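>>> model this:
(chains A and B)
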Amino acid sequence: GAGVSQSPSNKVTEKGKDVELRCDPISGHTALYWYRQRLGQGLEFLIYFQGNSAPDKSGLPSDRFSAERTGESVSTLTIQRTQQEDSAVYLCASSFRGGTYEQYFGPGTRLTVT
Amino acid sequence: AQSVTQLGSHVSVSEGALVLLRCNYSSSVPPYLFWYVQYPNQGLQLLLKYTSAATLVKGINGFEAEFKKSETSFHLTKPSAHMRDAAEYFCAVSSRQGGGADGLTFGKGTHLIIQP
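Numbers count the residues shown, from 1 in each chain, chains lettered A, B, ... in the order given. Next up is the predicted model:
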């Protein structure tokens, strides 16, 4: 079946512009995660959605970052007034439930802020 | 709080040799531990996971890892390396029990290089 998909695969934007990144999770997966992977670094947790519960936003680095998810479907990560340090690969993952269930990762969106 | 340390950002082994990728963790509660692999230009794929059952965990592609509580380690091994094993490997820890909302805490990754 279809895996986690993300769009766009690459995004180049100018400093100060807003960007939206999209994630389509695996159908039936109630949990959805966003991570950031900077060059040469591990993955940094950003935000977690579980069903209709309030999202866990504890990993968002600043108020310029926000994310939405409608029900158990598509999620959008928005970065406002982008900065050069926002340049990274943004990864989305979904799992059947949260906790110890395996997370399935999408291919990521490579964001470059010039 | 939880953290993961992967020793060695790059590990190089000869084809057919033993692969050993080191991972140490810290966690205030019994952890769940994972190894993910990222092949070039692909997303992360789960290799194996430890969730408090058997301490020796077998995964895909001939990899296995052993949970050692006394050493707070979860090292990844494979008896004989193949060229196709060349990839980035990430160790991750989660301290939340099932049903909790928690992202994984990842190590910085180890790039495995296979020499012909």
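>>> residue ranges with poor pLDDT in chain A?
Low-confidence segments of chain A (pLDDT under 70): A:1, A:98-100.
>>> Taking it, what residue is nearest to chain B?
Nearest residue of chain A to chain B, counting by CB to the nearest CB: A:F45, 3.2 Å away. Where C-beta positions appear, they are placed from N, C-alpha and C, glycine not excepted.
>>> Hmm, B:T105 and that residue touching each other?
Yes: counting by CB atoms under 8 Å, A:F45 touches B:T105, with 7.0 Å between them.
>>> More neighbours: these two, which one.
A direct count of neighbours by other CB atoms under 10 Å in any protein chain shown for A:F45 and B:T105 places B:T105 higher, at 22 against 19.
>>> Correct me if wrong: the more buried one contacts B:S94.
Yes: B:T105 lies in contact with B:S94 (CB under 8 Å); the separation is 7.2 Å.
>>> what's the overlap in contacts for the two?
With contacts defined as CB atoms under 8 Å, 6 or more residues apart in numbering or on different chains, the residues shared by B:T105 and B:S94 are B:Q2.
>>> For beta bridges, what are the partners of the one residue sitting closest to the centre of chain A?
In chain A, the centroid-proximal residue (CA atoms, centre = their mean) is A:W34; its distance is 3.2 Å. Beta bridges link A:W34 to A:I47, A:C92 when assigned by DSSP bridges.
>>> Contact partners for it?
Applying CB under 8 Å, 6+ apart to A:W34 gives the contacts A:C23, A:L46, A:I47, A:Y48, A:A67, A:S75, A:L77, A:Y90, A:L91, A:C92.
>>> Equivalent analysis for A:A88, please.
A:A88 makes contacts with A:R36, A:Q37, A:R38, A:L39, A:R110, A:L111, as judged by CB under 8 Å, 6+ apart.
>>> Next, work out how far apart it and A:L39 are.
To A:L39, A:A88 is 7 Å away according to CB to CB, to the nearest Å.
>>> A:D63 now?
As defined by CB to CB, A:D63 lies at a distance of 24 Å from A:L39.
>>> Can you list the residue ranges for strands in chain B?
B:2-7, B:10-14, B:19-27, B:32-38, B:44-50, B:56-58, B:64-68, B:73-78, B:87-94, B:105-106, B:110-115 (DSSP state E).
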